[in-house]
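Trainee: What follows is a predicted protein model with its sequence.
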Protein chains: 2
Amino acid sequence: MKGTAAPDALTRKAINTIKFLAVDAIGKANSGHPGLPLGAADLTFLLWSRYLRFNPKDPLWPDRDRFVLSAGHGSALLYALLHLAGYDLSLDELKQFRQWGSRTPGHPEFGHTAGVEVTTGPLGQGVANAVGIALGRDLMAARYNAPGRPLYSHRVYCLAGDGCLMEGISHEAASLAGHLGLSNLTVIYDDNLTTLSGPTQVVETDDVCERFEALGWATQRVDGYDLAAVERSLDWALAEPKRPQLIAARTILGHGAPRVGGTFKAHGEPLDAADVAGLRQALGWPAETFVVPPEVHALFAARVADLQKEYATWQELRAAFEKAEPEKAVEWKARIQGTVPATLFDDVRPKTPSHEKDEATRSLAGDIEQLVAARVPALVGGSADLDPSTKTFLKGSPIVASADFSGRNLELGVREHAMGAVCVGLAATGGFIPFGATFLVFSDYMRPPIRLAALSKLRAVFVFTHDSVLLGEDGPTHQPVEQLAALRLIPNLHVFRPADLVECAAAWTHAVSRADGPTAIVLSRQKVPPLPRPATFDAKVTQRGGYVVVAKDAPTVCLLATGSEVGVMVEVGKRLDAAGQQAQVVSLPCLEIFAAQDRAYRASVLPQGVRRVSLEAGRTDGWYRWVGDRGLALGVDRFGASAPDKILAEQYGLTAPLVATRVTEWLAT
Amino acid sequence: MKGTAAPDALTRKAINTIKFLAVDAIGKANSGHPGLPLGAADLTFLLWSRYLRFNPKDPLWPDRDRFVLSAGHGSALLYALLHLAGYDLSLDELKQFRQWGSRTPGHPEFGHTAGVEVTTGPLGQGVANAVGIALGRDLMAARYNAPGRPLYSHRVYCLAGDGCLMEGISHEAASLAGHLGLSNLTVIYDDNLTTLSGPTQVVETDDVCERFEALGWATQRVDGYDLAAVERSLDWALAEPKRPQLIAARTILGHGAPRVGGTFKAHGEPLDAADVAGLRQALGWPAETFVVPPEVHALFAARVADLQKEYATWQELRAAFEKAEPEKAVEWKARIQGTVPATLFDDVRPKTPSHEKDEATRSLAGDIEQLVAARVPALVGGSADLDPSTKTFLKGSPIVASADFSGRNLELGVREHAMGAVCVGLAATGGFIPFGATFLVFSDYMRPPIRLAALSKLRAVFVFTHDSVLLGEDGPTHQPVEQLAALRLIPNLHVFRPADLVECAAAWTHAVSRADGPTAIVLSRQKVPPLPRPATFDAKVTQRGGYVVVAKDAPTVCLLATGSEVGVMVEVGKRLDAAGQQAQVVSLPCLEIFAAQDRAYRASVLPQGVRRVSLEAGRTDGWYRWVGDRGLALGVDRFGASAPDKILAEQYGLTAPLVATRVTEWLAT
């Protein structure tokens, strides 16, 4: 749907409308970032009015084109565009920019504002999310397109600033996109030569186009204010058959602001009165704020009407698909709706009380993952080049490659940060439950996307193995101490640390079934014993986040543990019982879920007035909430060391005999 | 000190000695990574025997060349080289590879093994550390070299693998190195086409040389086994006047291992007996393990003897420097020894009881930083493109640039991860106390280097501003909730969150004076009130990590807070007192330091048996240790929102009236 982009009077008026809606919103809030909206209004208008395919009445249309504002601080630009394009975002919302309860927060938030594809602001994330979305598009096309039936034919446009491209995550993601040949991804680089604090030349002299070429991208430079040239670039991007495209558009930060335009002062603060007045005068705009000329409304209305035809055509494709391949269509619909079998836990849990011989939880979880994958086609993912160690490779499915997107296994390279953000992008795309795996210690490389998945309430699964000092000889650089507790601090992230095969089934079932946020599954490298299960054991209890493994009628002490330490505590309990105690042993595979159980249930697991001890091979800080300041929290509060795990268990006091001794001494105090 | 590098018999024997010391160490430990030592022994032998300038008897010689093994999993190679080069690392230590208490841990650890320049293993970090070390070299040269007196003329060599170069941090650091024209940095890329899990082509198709050229580097490709060609490349690198250099050396992972050589199977597991036997046979090596032929010892001894001459020449330069510029030489010596004025706290603290009018702690800390910088020339640093907001720019000093290294202000770009690792490199160089600044929420982008600074016991300062939801309109993507608690989890990192000007002085003094690890200083964007100070107030008490701000003879409740919440708790205390309570108010600017105080002092601050309430605008998880499970921990356990800070304070229950009400209700229970 393209025509000539000569900047006629109406085009100019529409662009000015966008500029002043942003300037007025920022001015009213007395807070925000006018530089990008003023600089990029021209090219984003062209993109939205002539290229982007969308339906404001069906914001989640699976085959819509995506627009990702990686430079999320330019949110006022996006909100102006969403309003004009007919999304459910009124002028009143624009007038509430950055205010409590509005749908126009400081940075765009996925799920909070219709038409916002991902939550952006932390720089570089949006570029990597866009790579994930573009990957999802090719994965979907490989599964559900048929000759003459292009159910998935959309494109992903991403607007990025110099900050986005300086961040390492954008390099990781760009390298992956080039490797996979994601030709439906177009990144527009708002190349304004200006950072938050000065000219970019003070901090960077990259040849950005050359380095993207080196990553397998097609690149072009264009004057961001020559709309005919920008149109030619966007047409060139549409025609590129094999490579993702970077369009470096030369723009001016705060374009047109008489005093601060072209300087860093236009980046992050409202224009002052003189600049606003000067801008209005220069562009011949009325003094009145939040003005939208009727002809500009009409322009966008006409565009939306045109797009309705494409939307209707797509609905025909969908109907044809459902008619031709009803079973496949049912699977597809379930994926889009994010439904998984209600019976999943019973389908994948072992019929044995626990696992049968000592085994690493990474292996037990890997076995469960295969069973889940067979029942949940939406599950796709991979590791940051650690498959042999993380045990997450999906058997019987090929590795996704530029020549073949039919597989479910992603090889993400040693790029943890991009892996996390690609998972966010896939989850935001719809139809995917992505997982990303690495060693727990390297979760530190990918906290920003984990956080954004949690903030965006996206269903993503993060698998972290080698979960304590007990991984052994690799030493302190590879031994997590603080990471488990640090993950638990991220709001709305559920952290599972299963202790046996049944708990692994509970963890994976929860992770793929949960519709309102991500789950981390934390697993051991070393082997753990099966857990004793009473005849009355109901496996479902493991889904409550915490439960009694060894019950006592009148416990004298409560032994709390997670993951590989639960088996140790069972042994500790036996030793304490032999010394006359009544030791109740509690497994707490997911503290967030346990904390959400009703008080009565929690009290049945952790009886009031009974002294408590926790054992977890990591930082103890978070455990005082559960054992109390007069309780005993045992763990690892210093860095690890390089040695075999048996030696480390002795040195760090993590063996049953050493723990039993500690607890006995403490009970005597 | 170069000659011809024809692979004569002795050279071959020396290379084989390195290979088998590594293979034997890994075999004896039955753990480790033989692939890199076998693949890179040839070129590292050439580097160490003909180029690297060092003195094993003075491992910290300020002008030594540095060798950074970014691919830290190849530690056995480094240990073999250190042993042969005469460092204090015996064959017995090699035989204790990866064992408890040895000086040969799984990955190289700075400060633990003489000759190890930085702690590596987490991929990509070493490359960025090397950039920091090379930057430090140029900063030192600009300060202390004089015509004819090149006190600093060393080079930095870094051996990196494909994993290192895939990680975003290496891109960030390479971009910075190219921008600054760090021509004394040579990165040797062990280009073996093989990752941990398969051929690199499965995960990456970058043109690595082209992308480094785009970042302003000089690049060359070379056959890693053609020693004459490698020598030409190293000579070419030495001759490059302006740009850092990348030498892409084509090698074979596990070179020579008959069965696994050239495959990923050689990466991370000991060779099996057949491969070891085959390798011995192919290279004509005896069956005996840990063999070092006397002529190989002699070869390295001769090299070390040659280098003694360069070392002696440098000592003459140093003597000339001390003679010519005695005052400057004293400053230099103090920097090298890491001494700072013992009177620093009294020198920089305000003579007023607190600050005098409401002010943001970022501004108060910024004022103190200027005073510290005037007294501590070792202090250099910068921000991740946030100077105007972090208030960390050192007044009166230029920005470091490729044309001028005389300044103290680093402009690091939007590259938090590299910023952290550059600080690690500068601290490891000696003579620097580096600082890096950004918003607290973005500490998530740089946790790996913060962790490595703590593990390596390096004196680095991380300044994090905008430290809570109260930063306001930027919204949840920019509002830290979990980051403060997450930083406190990193062992050996001291986290200061000062509440007023005096506490800012205590924080900065501690940060630059502490010799055994890094410090994070966490600061507010919003203004905070001065604190009430009794006539008896001794400012030094703020250095104890926690102290009583408002004392009561018989307190009925203890109010704990940090940073911007201390002033709020003072108000809460007044309200509670008015309602008949005796509220003692406690400020805890650094929990790690307070926890290390003697029991009596801690009890004087937090009297036993008095109910406790904590208030901190972040996650409460860690506070139960201090208030107890029957205590009240108030904070922010969910994500923030976009709104003015006053509104957020109301909505999140962080105002004095709301807190006082909560506490009153709780005290009644």
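Mentor: Right, received. Where do you want to start? Residues are numbered from 1 along each chain as shown, chains lettered A, B, ... in the order given.

Trainee: C-alpha from now on. contacts and neighbour counts both.
Mentor: Fine.

Trainee: So which bits of the helix or strand bottoming out on mean pLDDT in chain A are buried?
Mentor: None of the helices or strands of chain A scores lower by mean pLDDT, DSSP states H and E than helix A:387-390, at a mean of 91. Using 16 or more other Cα atoms under 10 Å in any protein chain shown as the test for burial, helix A:387-390 gives A:387, A:389-390.

Trainee: Which single residue in chain A comes nearest to chain B?
Mentor: Of all residues in chain A, the one sitting closest to chain B is A:G168 (3.7 Å; Cα to the nearest Cα).

Trainee: excluding its backbone neighbours, what's nearest that residue?
Mentor: B:G168 (3.7 Å; Cα to Cα, 6 or more residues apart in numbering or on different chains).

Trainee: cool, A:R143 as well?
Mentor: Nearest residue to A:R143 in three dimensions, chain neighbours excluded: A:S406, at 6.4 Å (Cα to Cα, 6+ apart).

Trainee: which SS state does that neighbour fall under?
Mentor: Under DSSP: H, G, I helix; E, B strand; the rest coil, A:S406 falls in the coil class.

Trainee: what's the answer for the one 4 residues further on, then?
Mentor: Here A:L410 takes the strand state, with states given by three-state DSSP.

Trainee: so who does it touch?
Mentor: A:380-383, A:399-400 (Cα atoms under 8 Å, 6 or more residues apart in numbering or on different chains).

Trainee: hmm, back to that, hang on, the residue of chain A closest to chain B packs against B:L165?
Mentor: No - A:G168 is beyond contact range of B:L165, at 10.8 Å (criterion: Cα atoms under 8 Å).

Trainee: Give me every residue in the stretch 451-600 of chain A lying close to chain B.
Mentor: A:452, A:455, A:473-478, A:481-482, A:485-486, A:489-492 (Cα under 8 Å from any Cα of the partner chain).

Trainee: Those: which two are farthest apart?
Mentor: Longest distance between any two of these is 36.3 Å, between A:L455 and A:E473; criterion Cα to Cα.

Trainee: Tell me who's in contact with the most centrally placed residue in chain A.
Mentor: In chain A, the centroid-proximal residue (Cα atoms, centre = their mean) is A:V424; its distance is 2.8 Å. Going by Cα under 8 Å, 6+ apart, A:V424 touches A:129, A:132, A:434, A:449, A:452-453, A:458, A:460.

Trainee: picking that back up, among the contacts of A:L410, which lie within strands?
Mentor: Among these, DSSP state E puts A:380-383 in strands.

Trainee: Any of those residues buried? List them.
Mentor: So, by 16+ other Cα under 10 Å, the buried ones in those are A:380-383.

Trainee: roughly how far is stretch A:349-369 from the heart of the chain?
Mentor: 28 Å (Cα atoms, centre = their mean, to the nearest Å).

Trainee: Hmm, I typed the wrong one, I wanted stretch A:572-579.
Mentor: Worked out by Cα atoms, centre = their mean, stretch A:572-579 lies 44 Å from the chain centre.

Trainee: Which positions in that stretch come out as buried?
Mentor: Applying a neighbour-count criterion of 16+ other Cα under 10 Å, one finds A:572-576 buried in stretch A:572-579.

Trainee: Give me the residues contacting that stretch.
Mentor: Stretch A:572-579 is touched from outside by A:559, A:582-585, A:656-657, A:659-660, A:664, with contacts defined as Cα under 8 Å, 6+ apart.

Trainee: Now that you've got those residues, can you turn the buried subset into something I can paste into PyMOL?
Mentor: Typed into PyMOL, the line below selects the buried ones among these, using 16+ other Cα under 10 Å:
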select buried, chain A and resi 559+582+583+584+585+656+659+660
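
Trainee: Quote the end-to-end distance of stretch A:577-587.
Mentor: The stretch stretch A:577-587 measures 18 Å between its terminal residues, going by Cα to Cα, to the nearest Å.

Trainee: mind showing which ranges of chain A have poor pLDDT?
Mentor: Residues of chain A that meet the criterion pLDDT under 70 lie in A:1-6.

Trainee: still on that earlier bit, turn the contacts of A:V424 into a markdown table, columns for neighbour count and secondary structure.
Mentor: Listed next are those as a markdown table, based on neighbours: other Cα atoms under 10 Å in any protein chain shown; DSSP: H, G, I helix; E, B strand; the rest coil:
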| residue | neighbour count | secondary structure |
| --- | --- | --- |
| A:N129 | 33 | helix |
| A:G132 | 31 | helix |
| A:P434 | 29 | strand |
| A:P449 | 27 | helix |
| A:L452 | 27 | helix |
| A:A453 | 30 | helix |
| A:L458 | 30 | coil |
| A:A460 | 33 | coil |
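
Trainee: Which other helices and strands does the helix or strand harbouring A:T186 contact?
Mentor: Under the criterion of DSSP states H and E, A:T186 resides in strand A:185-191. Judged by 3 or more Cα pairs under 8 Å, 6 or more residues apart in numbering or on different chains; DSSP states H and E, strand A:185-191 is in contact with helix A:125-144, strand A:156-160, helix A:162-166, strand A:245-250.

Trainee: which other residues reach stretch A:621-629?
Mentor: By Cα under 8 Å, 6+ apart, the surrounding residues in contact with stretch A:621-629 are A:485, A:611-614, A:631-633, B:489, B:621-622, B:624-630.

Trainee: Can you tell me which of the residues you listed are buried?
Mentor: Burial by neighbour count, 16+ other Cα under 10 Å: within those this picks out A:485, A:611-614, A:631-633, B:489, B:621-622, B:624-629.

Trainee: Could you list which of the residues you listed belong to strands?
Mentor: A:611-614, A:632-633.

Trainee: and those residues near chain B, which?
Mentor: Contacts with chain B are made by none of these, judged by Cα under 8 Å from any Cα.
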